[in-house]
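Student: everything below, folded, please.
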Amino acid sequence: MKVRVTVRFRGREITYPEFALEDLREIAEELADISVIEQPPNMEGRVMSMLLAPNTKKVAKPKPAAPQPESPKKAKAAAKSAEKAAKPEKAAVKEEKKADEPEETVSE
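Tutor: Residues are numbered from 1 along each chain as shown. You can find the predicted model right below:
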């Protein structure tokens, strides 16, 4: 994605274009690690602008990780671990049912 940096002069600011040029150079220096100057600063009426483009050598787009096909062994291991994780839940449900039942008392 390209970026155009512009400075618009108002009133008597037009008599000092070196200030805007200095600002644009500072911006280019700050972004030098990720961009290159495609179009250097130039005046067009009351506007000074420059065009920055991404530096393709230094900025690399991260590649999305492709889903790896699982081997049958890994699929079985994942299924077993899921079953083991579900078993404690079943045991907790059984314990809750036992707690809800009234205790039997023996009277003689």
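
Student: all contacts plus neighbour counts: C-alpha atoms, from now on.
Tutor: Fine.

Student: and Asp23, that's in a helix?
Tutor: Yes - when DSSP: H, G, I helix; E, B strand; the rest coil is applied, Asp23 is found to be in a helix.

Student: how far away is it from Thr56?
Tutor: As judged by C-alpha to C-alpha, to the nearest Å, Asp23 and Thr56 stand 24 Å apart.

Student: how about Ala78?
Tutor: In this view, Ala78 and Thr56 are 41 Å apart by C-alpha to C-alpha.

Student: what of Arg4?
Tutor: Taking C-alpha to C-alpha, one finds Arg4 at 17 Å from Thr56.

Student: for Val7, the count of nearby residues, please.
Tutor: 17 (other C-alpha atoms under 10 Å).

Student: for the record, mean pLDDT for the one helix or strand Pro40 maps to?
Tutor: Under the criterion of DSSP states H and E, Pro40 resides in strand 35-44. The pLDDT scores in strand 35-44 average 95.

Student: list every C-alpha atom in whichever helix or strand comes after that strand, with coordinates, as CSV.
Tutor: Next along the chain after strand 35-44, taking DSSP H and E as the criterion, comes strand 47-54. C-alpha atoms of strand 47-54 as CSV (Å, rounded to 0.1, in the frame of the first residue of the first chain):
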residue,chain,number,x,y,z
VAL,A,47,0.9,21.7,-1.5
MET,A,48,4.1,19.8,-1.1
SER,A,49,3.9,16.0,-1.3
MET,A,50,5.9,12.9,-1.5
LEU,A,51,5.0,9.3,-2.2
LEU,A,52,6.2,6.3,-0.1
ALA,A,53,6.0,2.7,-1.2
PRO,A,54,6.6,-0.4,0.9
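
Student: in strand 47-54, what's buried?
Tutor: By 16 or more other C-alpha atoms under 10 Å, the buried positions in strand 47-54 come out as 48-52, 54.

Student: does anything pack onto it? Which helices or strands?
Tutor: Secondary-structure packing of strand 47-54 (3 or more C-alpha pairs under 8 Å, 6 or more residues apart in numbering; DSSP states H and E): strand 3-8, helix 17-30, strand 35-44.
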